[in-house]
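Peer 1: starting from these lines, generate the structure:
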Amino acid sequence: MDKEQVLVIDDDQGLLKLLTMRLTAMGFAVTACHNANTALDEARRQRFDLVLTDLRLAEADGLAVMDEVRALHPDLPVLILTAHGSIPGAVEAMRRGAVGYLTKPFEDKDLASWIGKALAQPRMSREIQRLKQLVSELYGLEHVAARSPAMQTLLQQVVRQLTVSRHPR
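Peer 2: Residues are numbered from 1 along each chain as shown. I've put the predicted structure just below:
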């Protein structure tokens, strides 16, 4: 399996480097950006599995960055990082779609826990898709050998019935 892609946005170069090292050690492929414009360009260029963004960036609001990233990729989980944690700030971040709100400084285990929660649903969705594809490859009707016209007609009827039952009106 390919490494999950994480976009990290923080204007603190030291923390950006530390987060990159921590996430790389956790097995992620990390794209680190020190400003919102660079991060949004990256989000337009490639698909990420998770975004970690600081709440207060030098030239932008982390929630506005989250809104723009989620406009590009609506199902993309975003985790907000902040040194200025408050209950109203956390509530606002969650209301706008953040999957979590982590106050700096944080422990590696807390970061890993939030990331696990943020990626649980997307990972499950990818696994379901993979299993559906596998079942289709192993047990799909296209693998049934039928030469007689009667069997071909029967298989076509089964395919039509399966299509109708999967897409009811």
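
Peer 1: other SSEs contacting the longest helix seen in the chain?
Peer 2: Criterion DSSP state H: the longest helix present in the chain is helix 108-139. Secondary-structure packing of helix 108-139 (3 or more Cβ pairs under 8 Å, 6 or more residues apart in numbering; DSSP states H and E): strand 50-54, strand 78-82, strand 100-103. (C-beta placed from N, C-alpha, C; glycine too.)

Peer 1: got the buried residues for stretch 111-123?
Peer 2: Across stretch 111-123, burial judged by 16 or more other Cβ atoms under 10 Å covers L111, W114, I115, A118, L119.

Peer 1: excluding chain neighbours, what is closest to the third one?
Peer 2: Meaning I115. L50 (6.6 Å; Cβ to Cβ, 6 or more residues apart in numbering).

Peer 1: same thing with the last one?
Peer 2: In this structure, L119 finds its nearest non-sequential neighbour in L50, 6.0 Å apart by Cβ to Cβ, 6+ apart.

Peer 1: for the closest residue in space to A83 that isn't next to it in sequence, list the residues it contacts.
Peer 2: Distances taken as Cβ to Cβ, 6+ apart put K104 closest to A83, at 4.3 Å, once the chain neighbours are dropped. Contact analysis of K104 by Cβ atoms under 8 Å, 6 or more residues apart in numbering lists L15, L81, T82, A83.
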